[in-house]
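> okay, structure incoming, though there's no sequence with it:
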Ligand code: G3P
Ligand code: CA
């Protein structure tokens, strides 16, 4: 039987993932954006990791600091100390001036404090040999329970390396519109090493989701920021969504927005 839309949103199983924090309103991947998201009833915080020249894991989306700081150049060519000299807030608005780069270990402490789950995306692992090992070390050192961590990447080989370590973390594969616009991913193969398949929302259809579910894969598309897109997607039976505007969807989850109640 087809699940009713309001049930889907209120039964507690539908996951709202805050993409780079409450990034619609605050500078992405910074403390202020994370804290704003964590104060909401989200299920996961999402963030992206890169590695510095001195082997520290930092959270930032791009491989360069150009777009989200007042500096230029690749993260991998900076030491952590040098990254601290840049400002990660002003690009979003003068009122956010002074936001620092954050290390992953600080974000781990933060999610622990708020008792939330963290969805960690390994960015460009091909540029950072050994990043998987370093990530697993930092996770082991943190106080975060394995059940509160999901590690995902567009790079399936990177996720397979983590699977091999067998440390109990849930794993995910990201599916880009560019690579998969003409074919469906191999769900069966992916299910041998991952628990989540998180596609670009443009790729999502009822067929996509039912095939994923047949292999017990959880589907949380990115990046869904508006109710029109949500309305289409919810009919496909997705398990959650990754959004820059988690407040829109946590409101929906609490039922404060009446939405398609009788459909
Ligand atoms: O979590 C999924 C999403 O973050 C993947 O794309 O480019 O926003 O990191 P991107
Ligand atoms: Ca990401």
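Okay, I see it. Because the structure is predicted, anything quoted here is derived from the model rather than measured. Ligands and ions are numbered 1, 2, ... in the order given.
> please, where are all the strands along the stretch 101-250 of the chain?
For the stretch 101-250 of the chain, the strands defined by DSSP state E, counting those that start in this stretch cover 102-103, 117-122, 149-153, 170-175, 196-199, 218-219, 240-243.
> any chance of those strands in a markdown table, plus mean neighbour count?
Where C-beta positions appear, they are placed from N, C-alpha and C, glycine not excepted. Below are those laid out as a markdown table (neighbours: other CB atoms under 10 Å):
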| stretch | mean neighbour count |
| --- | --- |
| strand 102-103 | 19 |
| strand 117-122 | 23 |
| strand 149-153 | 24 |
| strand 170-175 | 22 |
| strand 196-199 | 25 |
| strand 218-219 | 21 |
| strand 240-243 | 25 |
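> could you point out which of the ones you listed sits nearest ligand 2?
Among those, strand 117-122 comes nearest to ligand 2, with 3.9 Å by CB to the ion.
> in its sheet, what does that closest one sit against?
Note on strand 117-122: by DSSP bridges, its sheet partners are strand 44-51 (parallel), strand 149-153 (parallel).
> save those as JSON lines, and put in mean pLDDT and distance to ligand 1 too.
Output for these, formatted as JSON lines (pLDDT from 0 to 100; distance: least, CB to the nearest ligand atom, whole Å):
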{"stretch": "strand 44-51", "mean pLDDT": "98", "distance to ligand 1": "5"}
{"stretch": "strand 149-153", "mean pLDDT": "98", "distance to ligand 1": "6"}
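> ok, residue 168 touching residue 146?
Yes: under the criterion of CB atoms under 8 Å, residue 168 is in contact with residue 146, at a separation of 4.1 Å.
> quick one: low-confidence parts of the chain?
Along the chain, segments meeting pLDDT under 70 span 1-12, 254-263.
> how about a cut-off of 90?
Where the chain drops to pLDDT under 90, the residues are 1-13, 143, 178-183, 251-263.
> the nearest residue in space to residue 28 that is not next to it in sequence and ligand 1: what is the separation?
Closest residue to residue 28 apart from its sequence neighbours, by CB to CB, 6 or more residues apart in numbering: residue 20 at 3.6 Å. Applying CB to the nearest ligand atom, to the nearest Å, the value for residue 20 to ligand 1 is 7 Å.
> so what's residue 20 up against?
Residue 20 makes contacts with 28-29, 33, 46-48, 61, 244, as judged by CB atoms under 8 Å, 6 or more residues apart in numbering.
> next, name the residue at the spatial heart of the chain.
The chain has residue 46 as the residue nearest its centroid, 3.1 Å off, counting by CA atoms, centre = their mean.
> bridging residues for it?
Residue 46 has these beta-bridge partners by DSSP bridges: residue 19, residue 119.
> wait, it sits on residue 116?
No: taking CB under 8 Å as the definition, residue 46 is not a contact partner of residue 116, at 10.9 Å.
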